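Enquirer: have a look at this prediction, sequence included:
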Amino acid sequence: MYVEHFPVAPLGCNCVIVGDLERGEAIVCDPGGEADKILARLAAKGLRCVAIVHTHAHFDHCGATGLVQAATSAPTMLHEGDLFLYNDLQMQLDAFGVPMKAPKLPEVDRFLTDQDSVHAGDVEAGVVHTPGHTPGSLCFLVQGDTPVLLAGDTLFRGGIGRTDLWGGDGRLILKSIEQRLMTLPDDTLVITGHGPVTRIGDERRHNPFL
C-alpha cells in the first residue's frame, strides 16, 4: 500500500493518493486544485487513478475533479448529502469572495454511504459517514499494519471542522467524532483535510474540543 498527501491550491487542501503499487491502481481523495500536480504524482509512481472520492464537497476539495477525471476516466464519488454543494461551486466561491469562475465538474458516478468501500487493487478504503462539517462529510479508513484515516475537515490536530457553513452542525460533528472516530485504535494515522497529520490517540488525549 502506498499513501501520499500534499497540499493543493487554492486553500491548501490535502489531496491524498492511496494506491496499490503492485497492481498500479490508486484512489485520489479530495482533488481540490492543481490537477497537473496530482496527475504528475500518479505518473511518478506508475499509478492509474481508478476512483476519485471526496470527503465533502466544498470548493477547495473538489475544484480539480473534472480535470482529473478527464485525464483518467475514473468515476467520481461522494455522499449524496453534499450534492447541493457539489452542484453549486459558484455560490461557494462568491460567498468566500474568490474572484474566479467555478470549474466544470463531472456528474457524480456513485453516491457513497456509510460502510461502503472503494477499492484500488488490493487496497480497500472503508467509508465512514461523519456528518457535521457538512451533511455528507465522509472519512475513509484504510486498514494496514497501521490504519490510516482520511479525515477531511471533520478532525484536525487539536481541532475540529468548522460548522458555520452550509449545512454545518456543531453537535453533530462532535457526535460523529466521538462515536465513529474515537473508537479507532490509538495508533491510527489521521490525514487531515488541511495542515499536519495526527493520531487518534493524541486527539483523544489532547484535543480541547473533545
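Expert: Sure thing, it's come through. Numbering: from 1, shown residues only.

Enquirer: pLDDT score for the residue most central in space within the chain?
Expert: For the chain, the residue sitting closest to the mean C-alpha position, by C-alpha atoms, centre = their mean, is residue 55 at 3.3 Å. For residue 55, the pLDDT comes out at 98.

Enquirer: now it. Nearest residue, chain neighbours left out?
Expert: residue 152 (2.5 Å; C-beta to C-beta, 6 or more residues apart in numbering). The way it works is simple: take the backbone N, C-alpha and C, and place the C-beta from them, glycine included.

Enquirer: residue 176 now?
Expert: Distances taken as C-beta to C-beta, 6+ apart put residue 130 closest to residue 176, at 3.8 Å, once the chain neighbours are dropped.

Enquirer: for the longest helix along the chain, give the mean pLDDT please.
Expert: If you go by DSSP state H, the chain has its longest helix at helix 35-44. If you average the pLDDT over helix 35-44, you get 98.

Enquirer: hmm, who's touching that helix?
Expert: 4, 6, 8, 15, 17, 26, 28, 31, 48-49, 64, 67-68, 71-72 (C-beta atoms under 8 Å, 6 or more residues apart in numbering).

Enquirer: next helix or strand past that helix?
Expert: Next helix or strand after helix 35-44 toward the C-terminus (DSSP states H and E): strand 48-53.

Enquirer: so what does residue 149 look like in phi/psi?
Expert: For residue 149, the backbone dihedrals (degrees, to the nearest 10) come out as phi -110, psi 120.

Enquirer: test my guess that it contacts residue 140.
Expert: Yes. Shown here, residue 149 and residue 140 form a contact pair, counting by C-beta atoms under 8 Å, at 7.3 Å.

Enquirer: ok, the residue nearest to residue 176 - contacts?
Expert: Neighbours of residue 130 in contact, by C-beta under 8 Å, 6+ apart: 137, 138, 139, 152, 154, 173, 176, 177, 180, 181.

Enquirer: repeat that with 10 Å
Expert: By C-beta atoms under 10 Å, 6 or more residues apart in numbering, the contact set of residue 130 is 55-56, 79, 114, 136-139, 151-155, 161, 172-173, 175-177, 179-181.
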